[in-house]
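Novice: Give me the fold of what follows.
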Amino acid sequence: MLDSDRIARDVVEPGQPPLERLIERFGRTILTADGHLDRPALRNIVFSDPKARADLEALTHPAIGAAMEAQSAAAGGPYQILVIPLLIEKNLVSHVDRVLVVDCEEALQLRRLRERDGTRGPDAQAILNAQATRAARLKAADDVINNDADIAAVRNQVAALHARYLEFAARPGT
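Specialist: Below is the predicted model of the structure:
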């Protein structure tokens, strides 16, 4: 599995050109004391200013895309899962063979975001509002994993999809 969020973290490590470009655009206040990107500080900027968010994406997305392509080419395998949270928002659906959406109720998604990031109140909602709607994601989906239930139910869905994807991979042209 290739995760664009993980790659996004790698391309903004100290010394990487995208981090240098972010510092030029947003200033040194987006850095921690040890010179790493202060993600919460940058998040506060970009989710309150659409122009800042567009600048962030313009400065980082080319490097993320190039790294993802390189990792995909090196990975091989019968099929690959690319985790791309902005797949629909950035109209990248044509770059993949199938779209798998891991779905849950919106209230649960908001709660999980708050628990994961410690994001509160309107900040958490602003993050979700910047994403494609649940309806848009489901409309684009070829496959859906329902993530409202317990982990055992999710594992069963993953196992079934894995078998299906192996079948697709074994058939040329699908």
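Novice: report the longest helix in this structure, please.
Specialist: As assigned by DSSP state H, the longest helix anywhere in the chain is helix 50-75.
Novice: Quick check: mean pLDDT of that one?
Specialist: Helix 50-75 shows a mean pLDDT of 95.
Novice: likewise stretch 90-106?
Specialist: Mean predicted lDDT for stretch 90-106 stands at 93.
Novice: which parts of it are buried?
Specialist: Within stretch 90-106, the residues that count as buried by 16 or more other CB atoms under 10 Å are Val99, Leu100, Val101, Asp103, Cys104. Placement of C-beta: from N, CA and C, glycine included.
Novice: What separation do you get for the closest residue to Gln71 other than its chain neighbours and Ala74?
Specialist: Using CB to CB, 6 or more residues apart in numbering and skipping residues adjacent in sequence, the residue nearest Gln71 is Leu2, 5.3 Å away. Distance, Leu2 to Ala74, using CB to CB, to the nearest Å: 10 Å.
Novice: what does Leu42 give?
Specialist: Look at Leu42 and Ala74: by CB to CB, they are 29 Å apart.
Novice: Between the two, which is the more surrounded one?
Specialist: Per other CB atoms under 10 Å, whichever of Leu42 and Ala74 has more neighbours is Leu42, with 19 against 8.
Novice: Read off the pLDDT value for Asp143.
Specialist: 98.
Novice: residues of the longest helix of the chain that come out buried?
Specialist: For helix 50-75, the neighbour count (16+ other CB under 10 Å) marks 52-53, 55-56, 59-61, 63-65, 67-68, 71 as buried.
Novice: can you check stretch 15-23 too?
Specialist: Pro18, Leu19, Arg21, Leu22, Ile23.
Novice: which SS class is Gly77?
Specialist: With DSSP: H, G, I helix; E, B strand; the rest coil as the basis, the three-state label of Gly77 is coil.
Novice: Alright, that wraps it up for me.
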